[in-house]
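# build me a model:
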Amino acid sequence: METCPRCATPLSAPGSPCPRCAVGPVGETARQIVYEVDPASPGISLELDIQHKPIVAASPGVAMATGTVDRKRPKPTADPLEARLLGGFGLPPEKIWDTPAYARRVKVRTAELEVLTAECRGGLERAEAALDEALIRMATRGAATAQAATRAARAPYERTIERLRSGAEQLKAFEGDRRAETEAQNDRLIEIDRRATEFRRELNLALNELRKRGERATPEDRRRVDDARAKFAIATEGREAIASRLEAAAPLSPKAAAVRKDYLLVCADFARFVMDDTTTFGDDFDEPRGEVIRLTAERENAQKALELHRAALQTFDAEAVQRGNMLVIGGVVLAALLLLGLVARVVF
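Below is the predicted model:
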């Protein structure tokens, strides 16, 4: 008589449900699997190891990307406990008269955390810039290596290499425009310096002439000094404006920024293959691989630090701060009313 494969209860008919555990009829394949198990091994867990894997045809010797370098990772979330510890606002007061001191402490600590958050933001920007440059170097070097490889090894990368070449040419054109603009600004700065020197000499001559004349100075002499001083001030302001623009990095135009963003994405995508395809890109890429891994970790750590500081800024008790501020305002208003009443009593 056929029995239930789970509880060994006799079944009324082959393939019928078990009257005890309500297991439905099992197929022939499943019955064969159950019956082939040694009854003396009840602790064996029967599980079908079914893995749904995408069907991808990979050419021999070309490793698929495993996400070693990923520019689209989700932002790390800050741990609430670590955020509260970093916040350092302390426990909210239980008594209402303690809320003003708490509000003051929150204000001071918030100002400190904002400075630290700005530093973390700058650290993240520097880490991202360093990683971008490393990806560009790896992609450029990898493209050159792939171009020199055999046709079969180069085939999977030809389209990406063409995109890299096109993006690099467009960026070079934009960089040329920026360089030309910078050179023009430098030429303008040199011209302003020359004219400022002339205006300074003219101002000194006018001042010396005014001192020599003394009481005999005429309104025309004073007007000449004022005109020279005004021209020198205008030239100085213009020079400072141009110098500040040159010191700051010239911002990319929206079109150039979009081209650079696409180019970086292509570099990051190609870098994943360079990281994994050790056949086409051999041991001489070990150092760039290590650099990318290190800079990726630094970027993630900088991102985590920024998220932690941002979360720490929100760990104070907003209601307690509001009550403390209202209590202070109420105290000030009450004191003003009492003072006004005292003054009115004295005057009248």
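# check which helices and strands the helix or strand harbouring residue 311 sits against.
Using DSSP states H and E, residue 311 sits in helix 286-312. With contacts taken as 3 or more Cβ pairs under 8 Å, 6 or more residues apart in numbering; DSSP states H and E, helix 286-312 sits against helix 80-87, helix 99-148, helix 254-276. (Glycine included, C-beta is placed from N, CA and C.)
# in a markdown table: these, plus mean neighbour count, distance to residue 193 and mean pLDDT.
Listed next are the helices and strands packed on helix 286-312 as a markdown table, based on neighbours: other Cβ atoms under 10 Å; distance: least, Cβ to Cβ, whole Å; pLDDT from 0 to 100:
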| stretch | mean neighbour count | distance to residue 193 | mean pLDDT |
| --- | --- | --- | --- |
| helix 80-87 | 15 | 49 | 90 |
| helix 99-148 | 17 | 32 | 90 |
| helix 254-276 | 19 | 30 | 82 |
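# I'd like those laid out as JSON lines, including distance to residue 214.
Putting these into JSON lines (distance: least, Cβ to Cβ, whole Å) gives the following:
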{"stretch": "helix 80-87", "distance to residue 214": "68"}
{"stretch": "helix 99-148", "distance to residue 214": "55"}
{"stretch": "helix 254-276", "distance to residue 214": "61"}
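# buried ones in the helix holding residue 311, by neighbour count?
By 16 or more other Cβ atoms under 10 Å, the buried positions in helix 286-312 come out as 288-289, 291-292, 295-296, 298-300, 302-309, 311-312.
# the helices and strands packed on helix 286-312: which one's closest to residue 183?
helix 254-276 (17.5 Å; Cβ to Cβ).
# who are the packing partners of the closest one?
helix 99-148, helix 158-213, helix 286-312.
# distance to residue 341 added to those, as CSV?
Converted to CSV, the helices and strands packed on helix 254-276 look like this (distance: least, Cβ to Cβ, whole Å):
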stretch, distance to residue 341
helix 99-148, 24
helix 158-213, 61
helix 286-312, 45
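# residue 348 is nearest to which of the ones you listed?
Using Cβ to Cβ, the nearest of the helices and strands packed on helix 254-276 to residue 348 is helix 99-148, at 34.0 Å.
# show me how the record splits the protein into domains.
Domain assignment of the chain by automatic domain parsing yields the ranges 1-48, 80-316.
# state whether residue 93 is indeed within a strand.
No. Under DSSP: H, G, I helix; E, B strand; the rest coil, residue 93 sits outside any strand and is assigned coil.
# there's contact between it and residue 320 in this structure, I believe.
Yes. Residue 93 lies in contact with residue 320 (Cβ atoms under 8 Å); the separation is 6.0 Å.
# ok, for the spatially most central residue of the chain, nearest residue in space, not its chain neighbours?
Centroid-nearest residue in the chain, with Cα atoms, centre = their mean: residue 124, separated by 5.5 Å. Distances taken as Cβ to Cβ, 6 or more residues apart in numbering put residue 302 closest to residue 124, at 4.2 Å, once the chain neighbours are dropped.
# one more: residue 96?
residue 323 (6.2 Å).
# one step back: give me the common contacts of residue 93 and residue 320.
Counting by Cβ atoms under 8 Å, 6 or more residues apart in numbering, the shared contacts of residue 93 and residue 320 are 99, 102.
# which one of the two is surrounded by more residues?
A count of neighbours by other Cβ atoms under 10 Å puts residue 320 above the other of residue 93 and residue 320, at 21 against 18.
# give me the nearest residue to the more buried one, chain neighbours excluded.
Per Cβ to Cβ, 6+ apart, closest to residue 320 is residue 92, 4.3 Å.
# I figured residue 145 hits residue 280, correct?
Yes. Under the criterion of Cβ under 8 Å, residue 145 makes contact with residue 280 at 7.0 Å.
# let's have the domains of the chain in TSV, adding distance to residue 330.
As requested, the domains of the chain are exported to TSV (distance: least, Cβ to Cβ, whole Å):
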stretch	distance to residue 330
domain 1-48	68
domain 80-316	10
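# nearest to residue 338, out of these?
With Cβ to Cβ as the yardstick, what comes closest out of the domains of the chain is domain 80-316 (18.5 Å).
# now do that closest one: distance from first to last residue.
12 Å (Cα to Cα, to the nearest Å).
# run the chain-centre distance for that domain.
Offset of domain 80-316 from its chain centre (Cα atoms, centre = their mean, to the nearest Å): 13 Å.
# got it, and stretch 326-346?
50 Å.
# run through the stretch 201-348 of the chain and note the low-pLDDT ranges.
Regions of the stretch 201-348 of the chain meeting the criterion pLDDT under 70 cover residues 245-253.
# and for the residue nearest to residue 96, the neighbour number?
Residues near residue 323, counting by other Cβ under 10 Å: 19.
# please report how far it lies from residue 109.
Residue 323 sits 18 Å away from residue 109, going by Cβ to Cβ, to the nearest Å.
# ditto for residue 213
Separation of residue 213 from residue 109 (Cβ to Cβ) stands at 63 Å.
# could you do residue 94 as well?
19 Å.
# which other helices and strands does the helix or strand containing residue 241 contact?
Here residue 241, judged by DSSP H and E, is contained in helix 219-247. Here helix 219-247 touches helix 158-213, going by 3+ Cβ pairs under 8 Å, 6+ apart.
# quick one: contacts for residue 242?
Residue 242 sits next to 185, 188, 189, 192 when contact means Cβ under 8 Å, 6+ apart.
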